[in-house]
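1. Let's see this in three dimensions:
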Amino acid sequence: MTRTSPSSDADRGQAPDTGPSGVFTPPLRLLTIGLLVSVGIVAFDGLGVTTAMPRIASDLGGMSTYGWAVSALMLASVVGTVVGGYLADRTGPRRPYLVGLVVFIAGLLISAAAPSWPVFLLGRAVQGLGVGAVMSMAYVVVAIAFPQRLQARALALLSGAWTVPALVGPMVSGVLTETASWRFLFLGLVPLVLIVAVITVPGVPTQDAPTGEAPGVSRNLVFSIGLAISAGVLLAGLEQHNMVALVVMVVLGVAVMIWTLREVTPEGTLRARRGVPAGIATRMVLSMSFFGIETFLPLAMTGLRGASTLVAGAGVAAGALVWFGGSMLQSRREMRQGTVTRRGDSMMGLVILAVGIAVIAVTLLGEVLPVGVAVVGWMIGGFGMGLAYNASTAETFSETSEDASGQMSGTIQMAQTLGTAMAAGIGTAVIGGAGGGDELHTAMIAIFALTGAFALIAVPLAMRVRTAAPSGAAKE
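-> Below you'll find the model as predicted:
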């Protein structure tokens with residue numbers, strides 16, 4: 001592989017101090033900035049659109065299939081991630097990263113110009129293909145182009161790149177939707193993506209010639225794409241009014257999903273076997289809870305209590321802020337008391353998330369409490385998510401061998417993406433089955449109940465992640 005990075009100096013045995021001293025020093029500065037901005041754009045696109053979705057669905061007549069705006073993006077992202085990784089193994093990350101940016105721009109333009117809801121969903125699916133490739137390549141680039149001593153710093157910055165969009169994205173989305181048009185949410189990102197391409201692509205490594213396909217790559221590619229397609233068939237089947245079509249599509253989708261999940265996840269994942277399989281199952285169910293409620297929270301606030309898009313955006317942003325606070329608290333507790341805190345933080349965080357969902361439900365389904373209490377409920381839920389997300393992820397990686405950490409990272413991300421898509425699709429089927437108008441109240445009762453139940457179901461799963469007591473702790 002032709003590396004444009006200073007890491008190659010270390011590989012050739014040169015003194016490590018000949019390379020850059022930090023991720024923002026030459027020759028890594030532009031590459032680092034470009035990667036951070038690209039991740040930030042993806043984060044803004046996801047969170048901003050979630051806030052504006054009630055208005056978009058209303059304008060384009062898509063309320064009955066509301067959640068497909070998220071499901072289409074997430075399921076396509078699974079495919080984009082796998083295909084991007086497959087191409088990176090053969091050509092290096094530059095080509096799939098550039099193609100991912102181009103595809104993402106195409107999706108933004110389709111969604112911005114969409115005259116109808118089906119066209120908008122097509123745009124979201126195209127965006128998902130690009131998002132999957134861009135996000136997966138960002139981590140590949142860090143592994144290849146950055147010296148090992150700077151990789152942890154670069155990965156931390158990539159995680160932090162979600163923070164600012166999480167805080168300002170929903171607010172900006174609310175302002176644009178209320179004062180101008182939601183279409184600017186997509187159009188405004190296009191020039192930013194072009195700038196990212198100009199400053200980032202030249203520094204992304206390439207590979208001179210294919211090195212030979214790794215064993216099982218094509219097989220995993222086929223099964224991962226099959227997983228995304230079968231999940232789409234299942235979710236589409238749930239929305240069918242014809243009973244024969246519903247049964248056929250659901251049974252077919254479930255059968256193929258089970259088969260493909262067994263092939264792309266560690267053995268025992270579907271049974272939540274103790275250790276890594278339980279960790280992956282925890283991430284999937286946790287995502288179905290948190291991201292499921294996040295998807296429908298703006299709709300519930302605007303549709304049930306008449307809140308403005310701006311207020312709904314403030315609620316989403318508040319949840320993101322306290323998520324960060326919860327994750328920081330978890331990491332500090334672990335630094336002071338050791339890894340023994342992880343299991344307790346995971347379980348406590350999941351219970352707090354369920355409590356937050358309950359506060360939201362009581363507030364939005366009734367008329368007594370002001371809408372602002374729902375924002376407080378989402379802050380409670382976000383804090384619990386910060387605790388559980390960090391602790392359960394760290395616990396899962398502690399059960400993973402070092403040489404399999406990269407593959408495990410992709411598997412965990414796939415589980416989160418699939419869980420988010422499933423929650424959005426199930427919620428859509430519930431809303432479609434309930435009908436419109438006043439029936440939204442009934443549909444949201446079911447969605448609140450499901451997402452709260454997922455949080456509680458994840459509690460016993462999180463207890464099974466650890467296979468042995470931490471060093472220095474008594475075994476169970």
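
2. Touching, Gly237 and Met243? I think so.
-> No - contact criterion C-beta atoms under 8 Å: Gly237 and Met243 do not qualify, at 10.8 Å. C-betas here are computed from N, CA, C, even on glycine.

3. Of the two, give the one with the bigger neighbour count.
-> Between Gly237 and Met243, counting by other C-beta atoms under 10 Å, Gly237 is the more crowded of the two (20 against 8).

4. part of a strand, is the more buried one?
-> No - with DSSP: H, G, I helix; E, B strand; the rest coil as the criterion, Gly237 is helix rather than part of a strand.

5. Spit out the contact partners of Gly319.
-> Glu294, Trp378, Met379, Gly381, Gly382, Met385 (C-beta atoms under 8 Å, 6 or more residues apart in numbering).

6. can you pull the contacts of Gly268?
-> Gly275, Pro277.

7. Shouldn't it be within a strand?
-> No - per three-state DSSP, Gly268 lies outside any strand segment and is coil.

8. What confidence value was assigned to it?
-> Listed pLDDT for Gly268 reads 89.

9. Equivalent analysis for the one 4 residues further on, please.
-> On the pLDDT scale, Ala272 is placed at 89.

10. Check whether it sits in a helix, strand or coil.
-> Per three-state DSSP, Ala272 ends up coil.

11. roughly how far apart are it and Leu450?
-> Distance from Ala272 to Leu450, counting by C-beta to C-beta, to the nearest Å: 19 Å.

12. and the two? which has more neighbours close in?
-> Neighbour totals were compared for Ala272 and Leu450, and Ala272 leads with 22 against 18 (other C-beta under 10 Å).

13. Point out where the chain drops to low pLDDT.
-> 1-21, 151-152, 155-156, 159-160, 207-218, 401-410, 433-438, 468-476 (pLDDT under 70).

14. quick one, domains of the protein?
-> Per the record, the chain has its domains at 23-212, 214-264, 271-468, by automatic domain parsing.

15. Run a quick neighbour tally on Gly92.
-> Using other C-beta under 10 Å: Gly92 sits among 24 other residues.

16. And Ala231, by the same measure?
-> Neighbours of Ala231 under the rule other C-beta under 10 Å: 24.

17. What are the buried residues along the longest helix belonging to the chain?
-> Longest helix in the chain, counting residues (DSSP state H): helix 29-60. By neighbour count on 16 or more other C-beta atoms under 10 Å, the buried set for helix 29-60 is 31-57, 59-60.

18. roughly how far is that helix from the heart of the chain?
-> 12 Å (C-alpha atoms, centre = their mean, to the nearest Å).

19. Tell me which residues touch the most centrally placed residue in the chain, please.
-> Centroid check for the chain by C-alpha atoms, centre = their mean gives Thr417 as the closest residue, at 5.2 Å. Shown in contact with Thr417 (C-beta under 8 Å, 6+ apart): Met74, Leu75, Ser77, Val78, Thr81, Ser287.

20. which residue packs closest to it, ignoring adjacent ones?
-> Nearest residue to Thr417, sequence neighbours excluded (C-beta to C-beta, 6 or more residues apart in numbering): Met74, at 4.9 Å.

21. the inter-axis angle of the helix or strand containing that neighbour versus helix 29-60?
-> In the assignment (DSSP states H and E), Met74 maps to helix 68-91. Angle between the axes of helix 68-91 and helix 29-60 is 150 degrees (criterion: axes from the mean of the first three to the mean of the last three C-alpha atoms, to 10 degrees).

22. Now do the following helix or strand past helix 68-91 and helix 68-91, the angle between them.
-> Tracing the chain past helix 68-91, the next element assigned as helix or strand by DSSP H and E is helix 94-113. Between helix 94-113 and helix 68-91, the angle formed by their directions is 160 degrees, by the same axes, to 10 degrees.

23. So for the helix or strand following helix 94-113, what gets flagged as buried?
-> Using DSSP H and E, the next helix or strand after helix 94-113 towards the C-terminus is helix 117-145. Residues of helix 117-145 classed as buried by neighbour count (16+ other C-beta under 10 Å): 117, 120-142, 144-145.

24. for stretch 366-376, same thing?
-> Neighbour count says stretch 366-376 has Leu369, Val371, Val373, Ala374, Val375, Val376 buried, by 16+ other C-beta under 10 Å.

25. ditto for stretch 263-271
-> Val264, Thr265, Pro266, Gly268, Thr269.

26. Okay, now that stretch: how far is its last residue from its first?
-> 14 Å (C-alpha to C-alpha, to the nearest Å).

27. Tell me how far it lies from the chain's centre.
-> 20 Å.

28. can you pull out the helices in the stretch 351-476 of the chain?
-> Listed in chain order, the helices of the stretch 351-476 of the chain (DSSP state H, counting those that start in this stretch) span 372-398, 405-434, 439-462.

29. which one of those lies closest to Ala106?
-> helix 405-434 (20.4 Å; C-beta to C-beta).

30. residues of the closest one that come out buried?
-> Going by 16+ other C-beta under 10 Å, helix 405-434 has these buried residues: 408-432, 434.

31. Report the inter-axis angle for that helix versus helix 117-145.
-> Going by the same axes, to 10 degrees, helix 405-434 makes 170 degrees with helix 117-145.
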